[in-house]
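[1] test case, fold it:
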Amino acid sequence: MSEHPTTFHLIIASVGETRFDGAAVSATFPGTAGEFTVLPHHEPLVTTLKPGSIVVRETLGEPKTFPVESGVVECSGNRVVVLL
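    Residues are numbered from 1 along each chain as shown. Here you go, the predicted model:
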């Protein structure tokens with residue numbers, strides 16, 4: 001998938017379901033060590049999530065919100081994978 005330089009590829013998935021798979025401008029997560037936002041070309045990172053909401057901002061339209069109970073976020077190579 002080819003993204004614009006100001007976006008990154010984001011996948012939010014749980015067992016048997018993909019909740020989001022596409023280009024994002026930013027994504028804010030409820031990390032266990034505190035809320036954090038990922039932008040394009042983020043440094044490599046692996047961390048866990050606590051209950052809350054993921055807020056995804058795409059290039060157009062309103063932000064999308066995904067409620068979460070727990071999960072793992074991995075950032076690497078302008079791609080972010082969230083396993084819930």
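
[2] if I pick Thr18, what's in contact with it?
    Applying CB atoms under 8 Å, 6 or more residues apart in numbering, we find Thr18 in contact with 11-12. All C-beta atoms are positioned from the backbone trio N, CA, C, and that covers glycine.

[3] and it, how far from Val38?
    As judged by CB to CB, to the nearest Å, Thr18 and Val38 stand 18 Å apart.

[4] Gly16 too?
    25 Å.

[5] more neighbours: which of the two?
    Val38 (20 against 5; other CB atoms under 10 Å).

[6] isn't that one right up against Ser26?
    Yes: Val38 is within contact range of Ser26, at 6.6 Å (criterion: CB atoms under 8 Å).

[7] what would stretch 63-71 look like as CSV? C-alpha coordinates only.
    Extracted C-alpha coordinates of stretch 63-71, given in CSV (Å, rounded to 0.1, in the frame of the first residue of the first chain):
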residue,chain,number,x,y,z
PRO,A,63,-11.9,11.4,13.6
LYS,A,64,-12.9,7.7,14.2
THR,A,65,-13.1,6.4,17.8
PHE,A,66,-12.5,2.8,18.7
PRO,A,67,-13.2,1.7,22.3
VAL,A,68,-10.5,-0.7,23.8
GLU,A,69,-10.2,-2.7,27.0
SER,A,70,-6.5,-3.7,26.4
GLY,A,71,-4.1,-4.4,23.7
